[in-house]
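got a predicted structure plus its sequence, pasted below:
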Amino acid sequence: MMLIHCPYCGERRPEIEFAYAGEAHVARPVDPSAYTDEEWERFLFIRANPRGRHNERWRHIHGCGRFFNAVRDTVTDKFETTYKAGEPRK
Amino acid sequence: MTGFRLQLGGRVDRSRTVTFSFDGVRYQGFAGDTLASALLANGVSLFGRSFKYHRPRGLLAAGSEEPNALVSVTRGPGRFTPNLRATGVEIYEGLEAVSQNRWPSLKTDLGAVNDRLGMFLPAGFYNKTFMWPRSFWDKLYEPAIRKMAGLGDAPTEEDPDHYAATYAHCDLLIVGAGPAGIEAALEACGTDKRVVLIDEQDELGGGALSDPAQWAWLADSVARLEQAGNVTLLTRTTAFGYYHDNFIGAVERLTDHMTQPGEGAREKLWRIRAGEVVLAQGAIERPLVFAGNDVPGVMLASAARTYLHRHGVAVGKSVALMAAHDSGWHDAFAHARAGVKVAAIIDVRSEVDGALRVEAAALGITVHLGSSVIGVNGRHRVNGIEVCVGGRGAATRIACDTLLMAGGWTPSVHLWSHSKGSLAWRDDIGAYVPDKPNENVRCVGACSGKWDFGKGQVIDMLPTPRSPARIKAFVDFQNDVTAKDIKLAVREGFRSIEHIKRYTTNGMATDQGKTSNLNGLQIASQALGRPVVDVGLTTFRPPYTPQTFGALAGHAKDALFQPLRKSPIDGWAEANGAVFELVAQWRRARYFPRGRESMLAAVNRECRAVRSAVGMFDASTLGKIEVVGPDAAEFLNRMYTNPWKGLEPGRCRYGLLLKEDGFITDDGVSARLAPDRFHLTTTTGGAARVLNMMEDYLQTEWPDLNVWLTSTTEQWAVIAVQGPLARGVIAPLVEGIDLSPDAFPHMAVREGTICGVPTRLFRVSFTGELGFEINVPAAYGRAVWEAIHAAGKPFGIVPYGTEAMHVLRAEKGFIIVGQDTDGTVTPDDAGLGWAVGKKKPDFVGKRSLARPDIVAAGRKQLVGLLTDDPAEVLEEGAQIVADPNQAVPMTMIGHVTSSYWSEALGRSIALAVVAGGRGRMGEALFVPMPGRAIRATVSGMVFHDAEGARLNV
Amino acid sequence: MSDLLLRNEPDCAGFAGEGAGVAIRLAEPMARYSLRARDAQVLEDLIGLAVPRAIGATLGDMACLGPDGWLLCASVGTVLPSGSDLPVAITDVSERAVRLLVEGPRAGEVLMAGCPIDLDRFAVGRATRTVFETVEIVVWRLRDDAFAVEVWRSFAPWLRLALVHAAG
Amino acid sequence: MTRFSAFSLFAKALGGHQSWPEQWPDAAPKPAYDAIIVGAGGHGLGAAYYLAKKYGITNVAVIEKGWLGGGNTGRNTTIIRSNYLYDESAHLYDHAVKLWDGLSQELNYNTMYSKRGVMMLAHNVHDVQSFKRHIHANRLNGVDNEWLSAEEAKDYCPPLSISPHARHPVLGAALQRRGGTARHDTVAWGYARAAAALGVDIIQNCAVTGIRRGADGAVEGVETERGFIAAKRIGVSAAGNTSVVMKMAGLDFPLESYPLQALVSEPIKPVFPCVVMSNTVHAYMSQSDKGELVIGAGTDQYVSYSQRGALHIVEHTLAAICEIFPIFRRMRMLRTWGGIVDVTPDRSPVLGKTPVKGLYVNCGWGTGGFKATPGAGDLLAYTMAKDEPHPINAPYNLDRFRNGRLIDEAAAAAVAH
């Protein structure tokens, strides 16, 4: 069970307090109707799924309740950093 | 006691005799004995049978690496335990152990025929045969192979024991309480660090327990640790796995060693988060590979010393040593000094440390250097060995009843490897040692490759004049993997050690290769002519030793397995004979049978009451979310398919929620209590999912909105009162709300009190009748329910359950998300196009509704389905075809989603999804059932009161 | 609230095992409010109470559980304004949860049977949302040897049984 | 190729098994092939075999970064079944089950396909509705799947607890008798040996580092640790690593890779006659021919290539197993391991052409790929040979994520209402 640093609580908490929420910075368009089917498919389904550095979202669902972003290495599972929602990609 | 127990020595308590039995024979041992040491003391050498060849086997080791001596222990109903290592079973008064994998008896095992046929059963033999004739596989070969499977018998009864679990936190966790581990703990004594010291044995000391010279130091050290105050000592506890971020799993064995287990938990799972981890797991001695190395009486030299010093037991009357490492010499000397005859020391090396030779001479021990054992005499017990020089020439026979093996040492890097620390190969010791850590962890003592056992020669197999193809020199004792099996694998093109392991099953037995992996690796490396590092190393995986399912499940047993959520009114339903169904984490009253009433009869009665008088229903499990803030309406407008901004306070609206992929995920009626406050409802199963989804959009996509979500599912108990007489039932109980139709129309909400309790009163209906849903604070739910029930008596009020609710809503064509929809249904598919705001620029899922396949013709649409025979109730899930006479595979155009007997209509009704369904009104379709096809006609979805007159009264 | 009717609490019989070193009981009913606001000042001005600013901190009956979220657990009868038109959200959740009091020298140990956070190092006066195995709870350390555990009503009997099991 | 049989085994035994040849040569890469398969798991090796056997394309290389069969092929719980709901799925998986039958004889390698039956437990009214729907659909598709009462389920699998007091009582079960298990390693080895005998090169320890495309965008070959290898047709069958390989061709994929754990108990005498699955309680178990209880655990929640899982997943899995099979509480877990499962948005595979000419893909099998091994291999081979998908795998295209024609079996199992 990993320890995850919640950028809002400011401490590392056990993984079972958190819910993984998929790749980070997949922004929903302001006007989806302007998207082509291809663009919409990319937003909905296409994911980086890298071997290595991954920007991803977590929610401290059984803690402060906040969604936040993280950078984690998907090969070692080690977190490089976590940062608040809305902050630029790290 | 006679036999092999020495007059003096050992840490056993000679004042406490313990009686136990093995295969029905009664023996005596001392408190502090393991089953292994106690049987040795009684002269028992035959402990078990190997997996494949059923060869007789004795003890190889004295610890948890033992591959041979597996036994089953019985201690009353449900407490049968197979595959226990005799070296780990502490004896207690009345212990009953039996041997395994033999029939009819351990001494005469018919399965041993496999040993005679061994030449026809090399590694992977089953891949190569049992294929002809083809029909024989299912009927004959495979059942036969499965019959041969397994070691111990399977348990047959439910385990009466219970298990405990806990989390724990410490600054320093030390695994292994040998000298190195104890030293590490002593360093932290009296500091402010929280220290936990774990050891798998019943007392601290590890290797020191087998060395009387260290006992004084050990006693002193343990005393200091016990007094320290900051050190937690856990014995009989195995750290079995090392997980992310210094999270270690360990199991403490609490009662298996006790004569009277008592009421307490049998084992306890420790889930430990450590700041720093120190691994002091020691090293395991390696067997030597030569013909006959598995005959009972051939064992590891260090194990013999443990029995000698720790248990005061001599492993034999006349002991020989086959060594490739200095450490074995010292073990042999220990035996000589204890008065055990040492018949000879044979060492594969032609040069050894002079001091060893001097001491051997002093003890009068014959030494054969540059020699090897090439054969072992005896089947159930060693009675002699054949030795020759340099593996050539004539063999001399040496009489002995025990042969010790000293093949060198393998550091126990299991947990280190679980933690993803890297390993480095060391040629001098022929083993991998810890290299770079991946966590805050360090290895100390023998498991780091540092020891004072002396030097040795790394060797894959002892030289022998005999054809390697003809001898059985074992590498993995339990799985009967021989050196020639490994060579065969290499010959057949298996080059990766992972392939060799899987092809030969080397290292896959219950000891997981603790004594066989490195020898296997050496032999493979020789056969491949490539250095060991190029051959690789099989991955170490948890657990270090096998751990019980029960301990790993922890307290999650019976009532604690998973919470069963009950509504505040559940107790009344139970007291009134409700039959329940499970929905998500909840149980809900399905129907309320009277006496011996059938489900159908009860449901019909409940439906009749609602249609003709009044019924009451516990809707408390519906999910509820309070949406509050200036932007509440804007937020809901973006989430739901339909418009929300225009909804007047005091009014309710049906909301349909899609996933971004355009498919229906949830629905519910929600109320606007104030301009900035909404009371949402969701499905029972959808509550948590919907709240999380809404939080996701709110926090991630629209953080600018001033609105907050609070789950109020459990704040409110919800009582639905439905039926033409509903108003009359509640009127006398309600205060502060004008219930008249004009003041309180359908789809309105009011706040007031009922029975003096604050209520949010919804006028809504999921039945098509005049209806109210009464929200009251949960703690008062049952009392209000009972008050309404009492008030309803004169009106003939009837409590109804989820089944009647399903029928009533189906008669009105109301869908149930998850039953009439299945995650592939759009609003239009479900006939809910009216609930989609045409003018809204956007809402969650809108864009997906414009995708080519979603707008394509011929999608499955929800419609009504009426069987020609009104008495025929279709089966839910039954498939629909246009032509019942077509050949299989048939073209299915839909399926029945809901189907009931409708008491109100006096016939069956069904909802179904049908390709292009709304274009097929009046069309006859067929539902093929085994042996017949049921004819039915497509209809609209509303079967009852289509114009909705009954709602507005 | 009404005296006419009986409250109905989840099945959580008290536990005080002989020499168990811990007692577990259901607390008296309370008024509970969920308070949300981006700006704590707006909230304080509205309710006339100071609210703790750091997540995990408590001030009197008020615990800060998130960057914009507070939980008030006060005596029955406490009523907060609705805060209409202000960028705040105040929701009455008095009956959503019940409170289990876990008291005695082994209180922390018993909670850690299923709670993965380090309660040895959890200061008196701290409160946080976390879990006991799979069940969400709010742990509030009242004293060295006393914890309040807030748990949603329908999970309370399970949690109580789990704690008793751990205490036994 | 030395033909395997009881006779050859006997004959070789007399020679001390000294003259067994290599089952497949450890090939060195040639400069060019007619077709390359990336990934030497069961699926990839199967594709190579069928390319050579059925479609006459024998100048084929299978390129593997590790050792063949070392990925999910050698890490799964070997469940074989085809009782899926949708026509597309039923046809796909039943195609595989038909090939499983007789595969040992076809490959002259005993893959130990054991038709012991796969039983899926229903624990609530919703499960019952869902399974009945499956059973009706399967019957009309010619796929065997039958309903059992709780008592019949217990007769079929005696260790099963059908106590009505259980947290999730068993209300019944859907049984596919043709379902069962096979010996996972031997499937890969059998295909490897048979393919090699037909001229296929199996190149291990040779990671693909790039996919070279020509001016027209079509593939020209793969860059590897051991140099460039040319081929006009490349089939990627790399399971958890598909996203990584596809990026080499400039393609982003609708895939995410999750850790999936499995575990086995110590071996015991035969006690568990079939495969039992419970989606509601999350328990999946069978007993291997060696006697080990083979148990599928859940996936971790996050994307990972670490082949390492969390302890709490194992805790929940074994709690579920003990709930349904209480007699196993004293059994011991012997070994756990992790695989990397590649999952698509609708949890159905992608099997067919890609936007890049000459590049074909077989991926997205999630937790259920083993059962499809022969079918996936055959269909990938067909698609590569004809440059068009077979009708069975045509629906499993990439377009569905754009046009919305998803094949979502899991969604169809729906959520409890």
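On my side now, so go ahead.

can you tell me the element the one residue in the stretch 701-850 of chain B that gets nearest to chain D falls in?
Chain D sits closest to B:Gly823 of the stretch 701-850 of chain B, with a gap of 2.7 Å, by C-beta to the nearest C-beta. Where you see a C-beta, it was placed from the backbone N, CA and C, and this is true even at glycine. B:Gly823 belongs to no helix or strand when assigned by DSSP states H and E.

list phi and psi for it.
Taking degrees, to the nearest 10, you get phi 90, psi 0 for the backbone angles of B:Gly823.

go on, B:Glu90?
For B:Glu90, the backbone dihedrals (degrees, to the nearest 10) come out as phi -80, psi 130.

which residue packs closest to it, ignoring adjacent ones?
Counting by C-beta to C-beta, 6 or more residues apart in numbering or on different chains, B:Glu90 lies nearest to B:His257, which is 3.9 Å off, once chain neighbours are set aside.

now do the same contact list for the one you found.
Residues near B:His257 by C-beta atoms under 8 Å, 6 or more residues apart in numbering or on different chains: B:Glu90, B:Tyr92, B:Asp202, B:Arg236.

distance of the first one from chain D?
In other words, B:Glu90. 17 Å (C-beta to the nearest C-beta, to the nearest Å).

for that residue, grab the count of nearby residues.
The number of residues packed near B:Glu90 is 20, by other C-beta atoms under 10 Å in any protein chain shown.

returning to that earlier point: out of the contacts of B:His257, which is nearest to chain D?
Among the contacts of B:His257, B:Arg236 lies closest to chain D (C-beta to the nearest C-beta), at 15.3 Å.

next, give phi and psi for the closest one.
Torsion angles, degrees, to the nearest 10, at B:Arg236: phi 50, psi 30.

could you tell me the end-to-end distance of stretch C:74-91?
Start to finish, the residues bounding stretch C:74-91 are 14 Å apart (C-alpha to C-alpha, to the nearest Å).

so the nearest residue to B:Pro287 once chain neighbours are set aside, which state does it fall into?
Excluding the flanking residues, the one nearest B:Pro287 by C-beta to C-beta, 6+ apart is B:Met405, at 5.1 Å. Assigned with DSSP: H, G, I helix; E, B strand; the rest coil, B:Met405 falls in the strand class.

what's across from B:Met405 in the sheet?
Judged by DSSP bridges, the bridge partners of B:Met405 are B:Leu300, B:Met322.

please, where are all the helices along chain C?
C:40-47, C:107-111, C:156-167 (DSSP state H).

got CSV for the ones you listed, with mean pLDDT and mean neighbour count too?
Below are those laid out as CSV (pLDDT from 0 to 100; neighbours: other C-beta atoms under 10 Å in any protein chain shown):
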stretch, mean pLDDT, mean neighbour count
helix C:40-47, 96, 16
helix C:107-111, 97, 24
helix C:156-167, 97, 22
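
out of the ones you listed, nearest to chain B?
Ranking the helices of chain C by proximity to chain B (C-beta to the nearest C-beta) places helix C:156-167 first, at 3.8 Å.

separation between the closest residue to chain B within chain A and B:Arg920?
Nearest residue of chain A to chain B (C-beta to the nearest C-beta) works out as A:Pro32 at 3.6 Å. Using C-beta to C-beta, to the nearest Å, A:Pro32 is found at 33 Å from B:Arg920.

cool, D:Pro391 as well?
D:Pro391 sits 27 Å away from B:Arg920, going by C-beta to C-beta.

same check, this time on B:Lys147
56 Å.

over to D:Gly227?
Distance from D:Gly227 to B:Arg920, by C-beta to C-beta: 62 Å.

now do the strands in the stretch 1-150 of chain D.
D:35-38, D:60-63, D:79-80, D:118-122, D:146-148 (DSSP state E, counting those that start in this stretch).

out of those strands, which comes closest to B:Pro593?
Nearest to B:Pro593 among the strands of the stretch 1-150 of chain D is strand D:118-122; the distance by C-beta to C-beta comes to 22.3 Å.

just give me how far that closest one sits from the chain centre.
19 Å (C-alpha atoms, centre = their mean, to the nearest Å).

then whichever helix or strand B:Ala489 is part of to CSV, C-alphas only?
Secondary structure from DSSP H and E places B:Ala489 in helix B:483-491. This file holds the C-alpha atoms of helix B:483-491, laid out as CSV (Å, rounded to 0.1, in the frame of the first residue of the first chain):
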residue,chain,number,x,y,z
ALA,B,483,20.4,-32.3,-12.1
LYS,B,484,19.6,-34.2,-15.2
ASP,B,485,16.2,-32.7,-15.4
ILE,B,486,17.8,-29.3,-15.5
LYS,B,487,20.2,-30.4,-18.1
LEU,B,488,17.4,-31.9,-20.2
ALA,B,489,15.6,-28.5,-20.1
VAL,B,490,18.7,-26.8,-21.4
ARG,B,491,19.1,-29.5,-24.0
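
could you see whether chain D lies near it?
Yes. Helix B:483-491 comes into contact with chain D (C-beta under 8 Å from any C-beta of the partner chain), by way of B:Lys484, B:Leu488, B:Arg491.

so C:Ala20 touches C:Gly104, yeah?
Yes. The criterion here is C-beta atoms under 8 Å, and C:Ala20 meets it with C:Gly104 at 7.5 Å.

around chain A, which positions in the stretch 251-400 of chain D sit nearby?
Counting by C-beta under 8 Å from any C-beta, the residues of the stretch 251-400 of chain D near chain A are D:252-257, D:301-306, D:308, D:310-312, D:344-345.

among the strands of the stretch 1-150 of chain D, which is nearest chain A?
Checking the strands of the stretch 1-150 of chain D against chain A by C-beta to the nearest C-beta gives strand D:35-38 as the closest, at 14.7 Å.

so what strands line up beside that closest one?
Using DSSP bridges, strand D:35-38 pairs in its sheet with strand D:60-63 (parallel), strand D:233-236 (parallel).

would you turn those into a markdown table with mean neighbour count and mean pLDDT?
Formatted as a markdown table, the strands paired with strand D:35-38 follow (neighbours: other C-beta atoms under 10 Å in any protein chain shown; pLDDT from 0 to 100):
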| stretch | mean neighbour count | mean pLDDT |
| --- | --- | --- |
| strand D:60-63 | 29 | 98 |
| strand D:233-236 | 26 | 98 |
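
for those, which one sits closest to C:Arg53?
strand D:233-236 (53.7 Å).

right, and the helix or strand after that closest one?
Following strand D:233-236 in sequence order, the next helix or strand is helix D:242-248 (DSSP H and E).

centre of the chain to that following helix, how far?
Counting by C-alpha atoms, centre = their mean, helix D:242-248 is centred 20 Å from the centre of its parent chain.

and that helix, does that touch chain A?
Yes. On the criterion C-beta under 8 Å from any C-beta, helix D:242-248 is in touch with chain A at D:Ser243, D:Val244.

could you check the pLDDT of the residue most central in space within chain A?
Chain A has A:Arg57 as the residue nearest its centroid, 1.5 Å off, counting by C-alpha atoms, centre = their mean. Here, the pLDDT recorded for A:Arg57 equals 98.

now do A:Ser33 against chain D, distance only.
16 Å.

next, count neighbours for the nearest residue to that residue once chain neighbours are set aside.
Of all residues not flanking A:Ser33 in the chain, B:Arg847 sits nearest, at 6.1 Å (C-beta to C-beta, 6+ apart). Look at B:Arg847: counted by other C-beta under 10 Å, it has 24 neighbours.
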